[in-house]
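[1] What would the 3D arrangement of this be:
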Amino acid sequence: MKRDKHSKRSIYVVMFMIILSSNCLYSQSRLVLNNDPWIVMNNNAYIVLGNSNANAITLAGSGGRIVSEAENNKIRWNIGTSTGTYTLPFADNLAEGGTKIPLSLTIGTSGTGAGYIDFSTYDGATWNNALYMPSMVTHMGQYLSPNAPNNSQKAIDRFWLLNAQGYVTKPAPGSMVFTYIDNEHTAGGNSITESVLGAQRFNNGTNQWGDMLPIGLVNTFSNTVTTPAISAANFFAAWTLSDSNDPLPISLLSFNANCENSNIVLKWTTASEQNNHYFTVMKSFDGYTFAPIGTVLGNGNSNTIRNYLFVDKAYQEKAYYRLSQTDFDGKTTSYDLVLVSCEEYLPLDIISVNYNSNQQVFAYLQIPTNGNYTINMYDLKGSLLFEKTLYLQKGVLPLPLDISKISDGVYFFSVQNDFQKLSKKFFLNR
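    All right, here's what the predicted structure looks like:
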């Protein structure tokens, strides 16, 4: 059947209204895309679908395209307590080829409450995803932030946003299907093996990628990654695809060395492990030349917290320690060194962080030696609020914290010297 040229024109009139009518179009019926129309959203425009059914967006004939290509150019779908497979016919910009990259979400367990999900997707102009992260993402590095190394070369140059909001309990996806474009993983600067791509989300509650390793089955012919079911607790907003052989991140939570009964006790914790064969403990007396003093077996593959311990009985007054990790394929990664001394040892400690009746916050610190200490405060998302280096004297002392520019909420206070870095959570409720 020949298509009426006037019907094509009417599609573009509707799209013109979408862009100019308060940046929002409301639909309580169905959005039917027939024979390849384009809907292009710009300048934070979004479409609200009041119909909770999965067929509220319907493709007919050769389908159609919705171009988001920015975090806030989005489809807001009032799904509520409904279930089903919700497909967003996203596409790349016409200038970049207009490739169709549909996104599908199958809701296996419904949410509770009158919630909705905002859907959007966009790519970046460079391999360095840290330059165009979604607003809730604070880093593209290892488990700890914000000082983790950038690992963007292992993530494709695209993000997806599936932001469930307004729910009492979020829905639990039965599966998700992400579609990618080849040049998003082959672009210069990336180092990705397509056949092992997996979907990975950013936990903006704890400010980390690595508490859930990449998941899903990749199809390199259809350029899709299909995830298994995930829990509502793991259904966060920001997603990307990363190399599961070298995911975001290598999840070393901590590595500390302390004096205990005239021994040096080294402890470290991992949040997740991928192909981990063993750890090697290295020791140095000058901080430059290191030698191995022992090994500890790893846990292979793990998505749970793992704690490790190694005791060095041949301690000196001062020594440096470094931890390295070796995969089953022989690849070795080294981590930052720590310095420890058992001479007149007094541990650094944050005794408490308290808000008093005079509307002041004091951190009570146990300071082991006179010297410089770095003080930091972060919010719950891991954003650095302030950082200072202070000369502090040995003993227990109260340190006043400036709270004049921060609102009530949950914060993290940290203190660091050459030996240790400690942090403590505190609540501000004025």
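
[2] wait, what's in contact with Lys425?
    410-412 (CB atoms under 8 Å, 6 or more residues apart in numbering). C-betas here are computed from N, CA, C, even on glycine.

[3] Now do the host helix or strand of it: distance to the chain's middle.
    Lys425 is located in strand 421-428, with elements delineated by DSSP states H and E. With CA atoms, centre = their mean, to the nearest Å as the basis, strand 421-428 stands 21 Å off its chain's centre.

[4] do stretch 291-301 as well
    With CA atoms, centre = their mean, you get 27 Å for stretch 291-301.

[5] repeat for stretch 88-100
    Counting by CA atoms, centre = their mean, stretch 88-100 comes out at 26 Å from the chain centroid.

[6] who does the strand holding Lys425 pair up with?
    strand 409-416 (antiparallel) (DSSP bridges).

[7] ok, now which ones touch the nearest residue to Leu31 once chain neighbours are set aside?
    The shortest distance from Leu31 to any non-neighbouring residue, by CB to CB, 6 or more residues apart in numbering, is to Ile57 (5.0 Å). Contacts for Ile57 (CB under 8 Å, 6+ apart) come out as 30-31, 33, 49, 75, 86-89.

[8] Quick check on Ile57: phi, psi?
    phi -110, psi 120 (degrees, to the nearest 10).

[9] Tell me, what's the model's pLDDT at it?
    Looking at Ile57, its pLDDT is 94.

[10] can you pull out the helices in the protein?
    5-20, 183-186 (DSSP state H).

[11] first vs last residue of stretch 412-426, how far apart are they?
    Stretch 412-426 has an end-to-end distance of 6 Å (criterion: CA to CA, to the nearest Å).

[12] Does Pro102 touch Thr179 like I think?
    Yes - using CB atoms under 8 Å, Pro102 makes contact with Thr179 at a distance of 5.4 Å.

[13] Show me whatever sits in contact with both of the two.
    Counting by CB under 8 Å, 6+ apart, the contacts common to Pro102 and Thr179 are Phe90.

[14] who has more neighbours, those two?
    The neighbour count for Pro102 versus Thr179, taken as other CB atoms under 10 Å, is higher for Thr179 (21 against 17).

[15] Spatially, which residue comes closest to the more buried one, not counting chain neighbours?
    Ile101 (4.2 Å).

[16] just Thr332 next, same as before
    Using CB to CB, 6+ apart, the closest residue to Thr332 is Thr326 (4.8 Å).

[17] now do Leu428
    Asp408 is the one closest to Leu428 (CB to CB, 6+ apart), at 5.1 Å.

[18] who's in contact with the one you found?
    Here Asp408 is in contact with 428-430 (criterion: CB under 8 Å, 6+ apart).

[19] what do you get for Thr186?
    Counting by CB under 8 Å, 6+ apart, Thr186 has contacts Ile192.

[20] so how far is Ala125 from it?
    Plainly put, Thr186 is 15 Å away from Ala125 if you go by CB to CB, to the nearest Å.

[21] again, but for Gly382
    In terms of CB to CB, Gly382 sits 26 Å off from Ala125.

[22] any idea of the mean pLDDT for stretch 99-118?
    Stretch 99-118 comes out at a mean pLDDT of 96.

[23] buried residues in it?
    99-107, 110-111, 115-118 (16 or more other CB atoms under 10 Å).

[24] Name whatever forms a beta bridge with Ala155.
    Ser242.

[25] Give me the number of neighbouring residues for it.
    27.

[26] which one of the contacts of Asp408 sits closest to Leu390?
    For the contacts of Asp408, the minimum distance to Leu390 (CB to CB) is 21.1 Å, reached by Leu428.

[27] List the residues that contact the closest one.
    Applying CB under 8 Å, 6+ apart, the residues near Leu428 are 355, 361, 403, 406-411.

[28] Please repeat the previous calculation with a cut-off of 10 Å.
    353, 355, 361, 401, 403, 406-411 (CB atoms under 10 Å, 6 or more residues apart in numbering).

[29] Quote the end-to-end distance of stretch 116-133.
    23 Å.

[30] Check which residues of it are buried.
    Applying 16+ other CB under 10 Å to stretch 116-133 flags 116-124, 127-130, 132-133 as buried.

[31] follow-up on the earlier one: between the contacts of Lys425, which is nearest Leu161?
    Closest to Leu161, out of all of the contacts of Lys425 and judged by CB to CB, is Val410, at 24.2 Å.

[32] partner residues bridging the closest one?
    Bridge pairing for Val410 - DSSP bridges - gives Phe427.

[33] so it touches Phe426, yeah?
    Yes - look at Val410 against Phe426 with CB atoms under 10 Å: they come within range, at 7.7 Å.

[34] These two - which one has more neighbours?
    Phe426 (17 against 11).

[35] Same list (the contacts of Lys425) but as a markdown table, adding distance to Arg65 and pLDDT.
    Conversion of those to a markdown table gives the following (distance: CB to CB, whole Å; pLDDT from 0 to 100):
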| residue | distance to Arg65 | pLDDT |
| --- | --- | --- |
| Val410 | 42 | 88 |
| Tyr411 | 44 | 88 |
| Phe412 | 44 | 88 |
